[in-house]
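> Structure for this input, please:
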Amino acid sequence: MPSGRVGKWVVIAIWVVLLVPAMMLAGKLSDAEQNDNSAWLPGNAESTAVVARVEKIMPADAVPAIVIYDRADGVTDADMAKAKADVQAFQHIHNVEGPAQEPVKSADGKAIQTVVQVHKDKSGWDGLGKVVDSMSDIGDKNPAGLGFHVAGPVGYGADSIKAFGGSGVLTTITALVVVAILLLTYRSPWLPLLPLITVGVALVAAEGLIYLLAQHAGLVINKQTSFILVVLIFGAGTDYALLLISRYREELTREEDRHKAMAEALYRSGPAIVASAATVSISLLLLMLARLNSTAGMGPACAISVAVGLLAMITLMPALLVACGRWVFWPKKPAYGVEAVHKDGVWTRIGARISVRPRLVWTGTVVVLLALCAGVFGLKASGLANKDQFTNKPQMAVGEQLRAEHFPAGDGDPVYIAADAAAADRVKEAVGAVPGVAQVADPIAKGDQAVVLAQLKDEASSDAALDTLDRIRTAVHRLDGADAQVGGSTAIMVDTEDAATRDDKVVIPLVLAVVLLILCALLRSIVAPLLLMATVLLSFGATLGVSSLVFNHLFHFAGADASFPLLAFVFLVALGIDYNIFLVTRIREDAGRLGTRKAALSALSTTGGVITSAGVVLAGTFGAMGSLPMVFAAELGFTVAFGVLLDTIVVRSVLVTALTLDTGRWMWWPSALFHRRDDAQPAEGDAGQVPSLSGR
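All right, here's what the predicted structure looks like:
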């Protein structure tokens, strides 16, 4: 037991021994990341199958780098000569494949474009970044006034790896946020160190374990997963630490022996902490059922991180607290025999106001939240073009903008049609007859397989291009014996959106069912879990509505990733239910001796501060995701941060408390607690008097 006189040292020693190999393994986690197409695309989609078929015909895993030169007053003959010389120089860069397309001047004479094929090896995005750096070293040696940009898939990959490279900064910012909030919460210079140490150990242990599973058990992780699990461990782990510390501090006023106080604190707070972690972990594991590989791979890795964080918080954290003694709370050390006073606290006063007219409070709150839900209809979660996936404007985005201004919209980003070689000419003819197709190249055959490249008239991510893609698929699928499949970036957008829609329909109901079952088992009731689920769903809808308005009118983002609604739902529902679990388990604990309505006020007064602090910590850690210049990170970070604050300040403190006061003992139907009859509505004058918490 971590609370034992000898057990605490054993627990600390075990973690120290485990930390050494864990640090060595965690440092290799980036080596196990898979950032190629297979780690992101829908698993069974047509566009994914095309990638595999094309690789057998064209250079393996070749991706285009679209090089753009521009001059505002028109490119010169010297500029064109420079572009041609660069093409020859690019051939000497490692991983550049074969001859490049000769430079082409735009119709308006203000830009030059050439396409260079780059081999993406096992280093994935890291390798693309090195290629672009080498190309830039050559291309930037330009006559004054000539711009140079690497766009297309290679430019996007290079800028993405730079954006994700800020994960070290993200970890630092997240740690500083946690320390700052803990200092404000406890006003102790020493106490924040213990949760921070525990979270740090948990992070290293989780990354080490995830590395082993990625190397030897087929677990798929990518850059996106790596930075989310950092935020998740810091946020959720610190939440569990706050709940444990709060209960331990309370028990120190009742027990002179700190070891007994910690044993009681673990006994009292343990079920809520474990239930909370189980809810989050199981919900994340359900992401494995998603068809989007990036979403499916994230689930188990994040679930493992939460489980490791839980283990650290119920073993290492209590051991450290007991080993340090009461002095760690300095300058406000909890004294034995001195009860904590809550009657003058802000949450006591809020409870008193709610208790006057609880039905009016909860109905009014529901109306406001429903109004906020209206913003959901403006959410554009159909995917983002590569140039729109950054919160800043990297060189790739500038290049894409110049390409759109000076060259045909679909130029340089073809549709790939894989087919049997014997039917390749029929496929070319069918595709050429499709409205919206600008040009179709001659088939490239190898053995019994062939690939046909088609250029669209419209920009690859536009609605018109998506419609054309559907028409191409319809046309080639009708060809008997062709076995034709359509891929490319436009097809990937279509398949990703379709997979995300399917994932929403499958995973979301399963998450709701699992969370409901966990609540029923924990509270031994049917009514309370149903009410809590309703409040969380309402909170999620309101959060998504506000987020949509902010994305469209404040941040001016072009849209959201297709997987965004599902990930936002899982994080908000799983994490948002935590605060309801922390509050309602305390209400149930006190209801046996106080009655449900008085217990609701008692629990709000007792847990209000710690739950609010936990919510602020979690919101702060997810808000730190905004330090990464990626739209996906900014959107998910804002949505979870806002949703957690809404859950903490409004849903948990106001809505759930008011519902409990209005519902009374019916919250616990059909359990034995429902049959209590001493559950009268507290009078207004009684609401501010919080009953003594010393009784069991």
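> What's the first helix or strand after the longest helix seen in the chain?
Secondary structure assigned by DSSP state H gives helix 489-523 as the longest helix of the chain. Heading C-terminal from helix 489-523, the first helix or strand you meet, by DSSP states H and E, is helix 527-553.
> Next, the buried residues of whichever helix or strand comes after that following helix.
For helix 527-553, the following helix or strand on the C-terminal side (DSSP H and E) is helix 564-594. Neighbour counts over helix 564-594 (16 or more other Cβ atoms under 10 Å) mark 564-591, 594 as buried. Placement of C-beta: from N, CA and C, glycine included.
> average pLDDT across helix 564-594?
In this model, helix 564-594 has a mean pLDDT of 86.
> Now do that helix: which elements does it pack against?
Other elements packing on helix 564-594 under the criterion 3 or more Cβ pairs under 8 Å, 6 or more residues apart in numbering; DSSP states H and E are helix 223-252, helix 258-285, helix 293-324, helix 489-523, helix 527-553, helix 596-623, helix 631-646, helix 657-663.
> Dump the ones you listed into TSV; add distance to A151 as well.
Below are the helices and strands packed on helix 564-594 laid out as TSV (distance: least, Cβ to Cβ, whole Å):
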stretch	distance to A151
helix 223-252	21
helix 258-285	35
helix 293-324	23
helix 489-523	12
helix 527-553	25
helix 596-623	31
helix 631-646	18
helix 657-663	54
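> Please produce a markdown table containing the ones you listed, extended by distance to F377 and mean neighbour count.
As requested, the helices and strands packed on helix 564-594 are exported to a markdown table (distance: least, Cβ to Cβ, whole Å; neighbours: other Cβ atoms under 10 Å):
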| stretch | distance to F377 | mean neighbour count |
| --- | --- | --- |
| helix 223-252 | 27 | 26 |
| helix 258-285 | 26 | 21 |
| helix 293-324 | 24 | 24 |
| helix 489-523 | 16 | 19 |
| helix 527-553 | 8 | 21 |
| helix 596-623 | 25 | 26 |
| helix 631-646 | 16 | 24 |
| helix 657-663 | 27 | 24 |
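> right, and those - which one's nearest K28?
Closest to K28 of those is helix 223-252 (Cβ to Cβ; 12.2 Å).
> okay, now R524: neighbour count?
Residues within reach of R524, counting by other Cβ atoms under 10 Å, total 16.
> from memory it sits against W668, does it?
Yes. Using Cβ atoms under 8 Å, R524 is in contact with W668, at 7.5 Å.
> Helix, strand, or coil at the residue nearest to G615 when sequence neighbours are not counted?
Nearest residue to G615, sequence neighbours excluded (Cβ to Cβ, 6 or more residues apart in numbering): T648, at 2.9 Å. Classification of T648 using DSSP: H, G, I helix; E, B strand; the rest coil returns helix.
> Tell me who's in contact with T648.
T648 is in contact with Y579, I611, T612, A614, G615, V616, A619, counting by Cβ atoms under 8 Å, 6 or more residues apart in numbering.
> Of the residues you listed, which pair is most distant in space?
Farthest pair in the contacts of T648 (Cβ to Cβ) is I611 and A619. Separation: 12.4 Å.
> Tally up the residues packed near A180, please.
Neighbour count of A180, defined by other Cβ under 10 Å: 14.
> Please apply the same query to the one 5 residues further on.
Counted with other Cβ under 10 Å, residues neighbouring T185 total 20.
> And D425, by the same measure?
Neighbourhood size, D425 [other Cβ under 10 Å]: 14.
> How much space separates it from A599?
To A599, D425 is 78 Å away according to Cβ to Cβ, to the nearest Å.
> Look up how far L19 lies from the closest residue to G7 other than its chain neighbours.
Distances taken as Cβ to Cβ, 6+ apart put M1 closest to G7, at 4.4 Å, once the chain neighbours are dropped. M1 sits 21 Å away from L19, going by Cβ to Cβ.
> likewise A404?
For A404, the distance to L19 - Cβ to Cβ - is 51 Å.
> Can you pull the poorly scored residue ranges out of the stretch 551-696 of the chain?
The model of the stretch 551-696 of the chain has pLDDT under 70 over residues 676-696.
> M288 touches A301, doesn't it?
No. M288 is not in contact with A301 according to Cβ under 8 Å; the separation is 10.3 Å.
> quick one: contacts for the residue nearest to M317 when sequence neighbours are not counted?
In space, and not counting its chain neighbours, M317 is closest to T198: 4.6 Å by Cβ to Cβ, 6+ apart. By Cβ under 8 Å, 6+ apart, T198 lies in contact with G237, A241, A312, M313, L316, M317, L320.
> same thing but at 10 Å, please
Counting by Cβ atoms under 10 Å, 6 or more residues apart in numbering, T198 touches 15, 237-238, 240-241, 309, 312-313, 315-321.
> Do a quick rundown of the strands in the stretch 351-500 of the chain.
415-420, 437-440, 444-446, 449-456, 485-487 (DSSP state E, counting those that start in this stretch).
> could you give the mean pLDDT of the first one?
In other words, strand 415-420. 94.
> Tell me the pLDDT of W330.
84.
> For the stretch 51-200 of the chain, which segments are assigned as strands?
Using DSSP E, counting those that start in this stretch, strands in the stretch 51-200 of the chain cover 62-70, 96-97, 104-105, 111-119, 147-151.
> Export these to CSV and append columns for distance to L636.
Formatted as CSV, those follow (distance: least, Cβ to Cβ, whole Å):
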stretch, distance to L636
strand 62-70, 26
strand 96-97, 35
strand 104-105, 39
strand 111-119, 30
strand 147-151, 26
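> Select from these the stretch with the lowest mean pLDDT.
Across these, the lowest-scoring stretch is strand 96-97, with a mean of 81.
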